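**Q** the following block contains a protein sequence and its predicted model.
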Amino acid sequence: MVLVLAVALITSWSIVHVVPFGHVGTYSKGGVLLSTFTEPGFHLKIPLITQFQPIKVINKVNQVKDIPFSTKDGAMINFETIKVVSRLHKEYLYDTLLNYDLLYDKLWIDEKIHHEINLFCGARTLQEIYVDNMSHRIRRKMRVALQGNSTPNAAGIVICWVRVVSPVFPDSLRRNEEKMLEERMKNPGFE
């Protein structure tokens, strides 16, 4: 009797599921994505047959970490973190998931950031990136490039903003810059 009650409780528990605020519920049967979605709240599903996965449709932050790149003059530098805030429109959810899986943002944001940073910084010198402080141009370029790449392919992804933290320079470059600054202070005519 206890076993029957336990099985009934477990089965009934897996029938009910919750779609959290800011998400929609996606479902698959036998590994096939269903075209119906549910809004936030309590919902029912068939246990062991229907699989449920919540997908965030409000602003989502992707943090891309440790992005190495080389400048035009050969200096190897690293961005510690680039944050991208994006959102997925519900109207395009089914097509986006069908074509790019649940990890659509890894393909269209995380991997694209590496590529776009290398293109942008590879065409510029260390002077342009570090001294001229191009953070604002990098942010704008990343946002435009990410949106431009995703719109024709994954139309439901909207890039809201990009935050670029200043790059981290190797200690040898930093020491060299400090040494040159010291020399300039000692010899005002030194250039």
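**A** All right, it came through fine. Small disclaimer: the values here were computed from a predicted structure and weren't measured.
**Q** tell me the centre residue of this structure?
**A** When the chain is reduced to its mean C-alpha position, the nearest residue by Cα atoms, centre = their mean turns out to be Asn62, at 3.1 Å.
**Q** give me every residue that touches that one.
**A** 83-86, 105, 109-110 (Cβ atoms under 8 Å, 6 or more residues apart in numbering). Heads up, the C-betas are built off the backbone N, CA and C, glycines and all.
**Q** can you get me a residue count around the residue lying closest to His89 once chain neighbours are set aside?
**A** Nearest residue to His89 in three dimensions, chain neighbours excluded: Gly156, at 4.3 Å (Cβ to Cβ, 6 or more residues apart in numbering). Residues near Gly156, counting by other Cβ atoms under 10 Å, number 20.
**Q** any idea how far Gly156 lies from Lys72?
**A** Distance, Gly156 to Lys72, using Cβ to Cβ, to the nearest Å: 36 Å.
**Q** quick one on the thing from earlier: look up phi and psi at the residue nearest to His89.
**A** Gly156 has phi and psi values of phi -80, psi -10 when expressed as degrees, to the nearest 10.
**Q** scan this structure for its longest helix.
**A** Determined from DSSP state H, the single longest helix within the chain is helix 135-153.
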